[in-house]
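Visitor: Dropping a prediction and its sequence here:
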Amino acid sequence: MSVHLLGVRHHGPGSSRHVLNALAEIQPDIVLIEGPPEGEAMLSWATHADMQPPVALLAYVPDNPQQAVFYPFTVHSPEWNSILYALRNQIPVRFIDMPLAHGFAMEWQETSLNSKKSELTEHVRKNPISYLAEIAGFDDPEEWWEHRFEIVQQPYEVFEAIAESMTALRQTLPADDRREEIREAFMRKSIRIAQKEGFERIAVICGAWHVPALAHLPKQREDDALLKNLPKTKVESTWIPWTNDRMAFESGYGAGVESPGWYMHHWKHPDDHGTLWLSHTAHVFRENHVDISSAHIIEAVRLAGALAGLRNLSRPGLKELNEATVAVMCMGEPVLMKVIYRELIVGKAFGQIPEGTPQVPLQRDLEMLAKRFRIKVVPEQKTLKLDLREENDLQKSILLHRLQLLDINWGTMETVSGKGTFKEEWTLRWYPELTIKLLEKAPWGNTIEEAATKYLKSTAGKCARLDEITPLVQNAIPADLPVALGAVMQKMDELAATTSDISMLMDAFAPLAQVSRYGNVRKTDRESIDLIVTTIFYRIIAGLPAGCTGIDDEQAAVMTDKIKDVNQAILMLEKQDLTEGWTTTLETIFHSDRSAPFIQGYCCKALYDNRLLDMDSTFNAFSKALSLNNEPSASANWLEGFLNDAATVLILDDVIWGVVNDWLLSLNDETFLQVVPLLRRTFANFSNVEKRKIAGRAKQGQSGKLIPQIIDIDPQRAAQVFPILELLMAIK
Amino acid sequence: MSQNILRQTAEAQFAQEIEEIKKQDKHARPENWLLSPHAVVTYLMGGKLANGFHVSPKYIGNRRLMEIAVATLTTDRALLLYGLPGTAKSWVSEHISAAISEDSGLVIQGTAGTSEESVRYGWNYAQLLSAGPVPEAIVETPVMRGMKEGKIVRVEELTRIGSDVQDSLITILSEKMLPIPELNTKVMAVRGFNIIATANNRDKGVNDLSSALKRRFNTVILPVPETVEEEVEIVQQRVASFSKSIDLAIEKPILEEISRVVTVFRELRSGVSADGKTKLKSPSGTLSTAEAISVMNSGLSLAYHFGDASLKADDLASGLIGAIIKDPIQDKIVFQEYMETVLKQRDGWKDIYRACREII
């Protein structure tokens, strides 16, 4: 009976090769691996044809999925290769680390030693091999590992050497971490169990650091004492696809790798002395429009070889290759290496897991939907253009909106250029973290729709202010969640009743009006929404005139924007009583001397637009507001409010043009000079094109003057046009 | 005679070091190399030999850069040292050729007027007229000599040479031969021949290398020193060798003054004060380490010849101002601002502030 301890560097391709060689030599009848026992059930999936590393074993607490650990595996992970070896040779494979059931449950006490010592300990424990490499004078542990252990022919001896160096390290560094002790006790326990079960050749694959602790089994009693009364919690696990750029992510083992792409290359082509790698490099450069010839590759291979020789290395490592690339291909400029780093050294590989891997229902629902819509849930960036007039695209948009409500930001919406609201553009990118967020939302329901509905309801229930709930309405509409929307509306009504802040009410009004107007609410109880819209509206008009007095210029501008929004919404709603109420309010503000001039100006314009103020009254109001006895600043504000964003109106509307033009012409020179600064201020906001057009129109001189248009219409001929016109305008 | 030489060549100045390294050198030497690549790097970076002999560092900075430079010369590509003025490009190229060929004298100084004759070969016209085109009438250039003898040739300021002349290097570098059509013959390069060119970043636009020529060079960019400590070390070393070579007997430890000059240079170069609190304008000059060295050297001379042989702020001020104010209007404003916002406030720097104040 023998126990073979194979200490590895996690994700090290060198380790992987050694482990495989050692396993072939040992011919074990059981393989024990440092990993959470909860994941054992999932191991059988590893040999599935559709399983493509990098993948990660995700273990989480179902009640609190934020408590989760990833155990990433990639093709060159020693653990992964050991699992495959065991499964292919049909021998049992077990995970022997501390069960996460305890790991998650325990509140681990921070070891508070004097900081300097524990910093060193921390450093060494994190990556003992890098510590040894540092002593040996290498800055890259993998480089040291490769050069030190790769050449050894007997793989088993390598592990003896590792065990020895780790023992030496651990003897000098005091053990002070209870968690580590417990973990190792668990590992020993599993080894004992395997021994008792009568396995003859036991292979243990664990981080090099643990080897010394497993080499000598202490009395069972001691370990049992350590393992007594550990708290427990429920843990579930699943496979999730992983990405290369996340291999560096420290999780599970607490050790990541910085250059997974390079390791992968190294694993696939152990004999490559740089030729293949540099050819890939050249390829990537060419794809990025950097001209690289074959001669460059030849020279780079030579330089890398020469560098390796100079440094007494048996072959060029990543550093030599990178330096050769910079010197030969990049004119010494390291900036270009960024693309190589992203594309090759880290690599863009992402894994895939077989269909049918155990998942929570919510995950499965998302996968099903994604499949139905033919969108791949992959960590690559992808743009999705949707035309909401098509049912399929509309459904996709609804799904993405629902996910956003659940805080799963798989897609981000881009602003679409072009007219029309029926187009949406999304940028999709899945991150492994999103899986956690998805698991987090699993308790809310078994389908995305159900979960989103319940989650939205609960979020709305927690809102305490009107401005918190308004954005929810906006997000809920495109997510097509009628039930939840009803709940949100109800809450909104409650909040509106207690709100005295007029601007908050106005913010809420516009989105509500949208819900009321457009068909999104086909399943919503429309009457109740209308009721809310009406009540909020009357609350607004009750408070608005007072809200427009005694405010400074800045607030007045903000307020004007809001009045504008409400004005738009009222026009859109086309409801007689609301429109009347609104115009009365505008008139009140317009006539009240105490209203802020900016708002007054705007109201004047709005009333004119709604044809409630004729030309003469507008002209009178204009000259009254701009008469010289007024405060200059008030006049300026009034004018700004009136012409706010109205350059087009000024250019196209003869009446407004006439009013402004007539007023300007009526000024004598002295007065004109005094109002010039005010005008400047207003016109400064217009764009250059607009200013040029206005100037062009002014240049035409007299044409500005209002000339009553007398058009000679022949009633008989006009009558002929009417039927077609009516048809075109859909009047009949 | 050698006593009177103003500045010894690298191979003469460090002859003993080269000799000792050669004795200890156990690595394989490329043909016609004096030392193995290993030993060349050791010579450049300094260190202790197996027999305890101390080799002084010639280049202070990243060892990897020197390794790339030396490794390049073992391949059949030439080496291009790129960097700001004063980042030790020429210094490195001189020492590399000294260590490899024991001859740093094969130099072509690139200027706008460098002609093809000074790169390839020229004619002794008297000979040419009397004897016609015969081999004896040819005037060899450093390149031709380097090819014949298998030595490293240095081309300084490659980018200042006109593009047409630059391109005459292409055949030499790729085919390692120099045709002489007039004699219907050619010079074939002997192993050991290679070229080290230097060029600076700032003049990039002057005569940018053609891509054909670029491809014949491996490029190593020499950066400005990373830390104050590194820069102080460089200045100190060079200043010490200066006072040795012109017999200045300055007793007082000058390390503190060096670090002050280096600090001023670094602050102005990076546009922010050393504590990171004050934003500064940068003057038009490069303010390289080489200039810091010359400020120290001129300060030392002033102190020795006109002062009491101890280095004072007054001795440094004029050199400092001379190095910083290259443009009499713009740079003056920059430096005045710097004086008022940084120098004046700093504890213990009053003497430098006052000294600069008097001159400006």
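Guide: Thanks, I have it.
Visitor: what helix or strand does the residue in the stretch 201-350 of chain B that chain A sits nearest to sit in?
Guide: Closest contact between the stretch 201-350 of chain B and chain A, by CB to the nearest CB, is at B:Thr219 (3.4 Å). (C-beta placed from N, C-alpha, C; glycine too.) B:Thr219 belongs to strand B:217-222 when assigned by DSSP states H and E.
Visitor: ok, that strand: who's next to it in the sheet?
Guide: Taking DSSP bridges as the criterion, strand B:217-222 sits next to strand B:78-83 (parallel) in its sheet.
Visitor: Could you check the next helix or strand after the strand it pairs with against chain A for contacts?
Guide: Downstream of strand B:78-83, the next assigned helix or strand under DSSP H and E is helix B:89-101. No - Helix B:89-101 is not in contact with chain A by CB under 8 Å from any CB of the partner chain; minimum separation 11.7 Å.
Visitor: A:Ala484 and chain B, how far apart?
Guide: To chain B, A:Ala484 is 51 Å away according to CB to the nearest CB, to the nearest Å.
Visitor: Repeat that for A:Gly486.
Guide: 57 Å.
Visitor: Residue of chain A nearest chain B, please.
Guide: Closest point on chain A to chain B, by CB to the nearest CB, is A:Gly332, at 3.4 Å.
Visitor: which non-adjacent residue is nearest that residue?
Guide: Nearest residue to A:Gly332, sequence neighbours excluded (CB to CB, 6 or more residues apart in numbering or on different chains): B:Thr219, at 3.4 Å.
Visitor: swap in B:Arg160?
Guide: Closest residue to B:Arg160 in three dimensions, ignoring its sequence neighbours and counting by CB to CB, 6+ apart: B:Gly110, at 4.6 Å.
Visitor: so what's the residue of the stretch 201-350 of chain B closest to chain A up against?
Guide: B:Thr219 makes contacts with A:327, A:330-333, B:80, B:82, as judged by CB atoms under 8 Å, 6 or more residues apart in numbering or on different chains.
Visitor: if we can go back for a sec, what's downstream of the strand holding B:Thr219, the next helix or strand?
Guide: Toward the C-terminal end, the helix or strand that comes next after strand B:217-222 (DSSP H and E) is helix B:228-245.
Visitor: Report the helix or strand with the lowest average pLDDT across the chain.
Guide: This is for chain A. helix A:115-126 (a mean of 52; mean pLDDT, DSSP states H and E).
Visitor: oops, chain B please
Guide: Per mean pLDDT, DSSP H and E, bottom of the list for chain B is helix B:228-245, a mean of 78.
Visitor: buried residues in the host helix or strand of A:Leu386?
Guide: Element membership for A:Leu386, per DSSP H and E: strand A:382-387. Applying a neighbour-count criterion of 16 or more other CB atoms under 10 Å in any protein chain shown, one finds A:384, A:386 buried in strand A:382-387.
Visitor: So which elements touch that strand?
Guide: Contacts defined by 3 or more CB pairs under 8 Å, 6 or more residues apart in numbering or on different chains; DSSP states H and E place strand A:382-387 against helix A:391-405, strand A:423-428.
Visitor: Partner strands of that strand and their direction?
Guide: Using DSSP bridges, strand A:382-387 pairs in its sheet with strand A:423-428 (antiparallel).
Visitor: between the following helix or strand past the strand it pairs with and helix A:391-405, what angle do the directions make?
Guide: For strand A:423-428, the following helix or strand on the C-terminal side (DSSP H and E) is helix A:432-441. Here the directions of helix A:432-441 and helix A:391-405 differ by 80 degrees (axes from the mean of the first three to the mean of the last three CA atoms, to 10 degrees).
Visitor: chain center to helix A:432-441: distance?
Guide: 12 Å (CA atoms, centre = their mean, to the nearest Å).
Visitor: Which residues does it contact?
Guide: Residues outside helix A:432-441 that contact it (CB under 8 Å, 6+ apart): A:56, A:58, A:60, A:62, A:65-66, A:68, A:70, A:240-243, A:246, A:360, A:362-363, A:366, A:379, A:406-410, A:451, A:455.
Visitor: Please save the CA atoms from that helix in CSV.
Guide: Taking Å, rounded to 0.1, in the frame of the first residue of the first chain, the C-alpha atoms of helix A:432-441 are listed here in CSV:
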residue,chain,number,x,y,z
PRO,A,432,-19.1,34.6,-15.3
GLU,A,433,-20.1,36.9,-12.4
LEU,A,434,-23.5,37.3,-14.1
THR,A,435,-24.0,33.6,-13.4
ILE,A,436,-23.7,34.4,-9.7
LYS,A,437,-26.2,37.2,-10.1
LEU,A,438,-28.5,34.9,-11.8
LEU,A,439,-28.2,32.4,-9.1
GLU,A,440,-28.8,35.2,-6.6
LYS,A,441,-32.2,35.8,-8.2
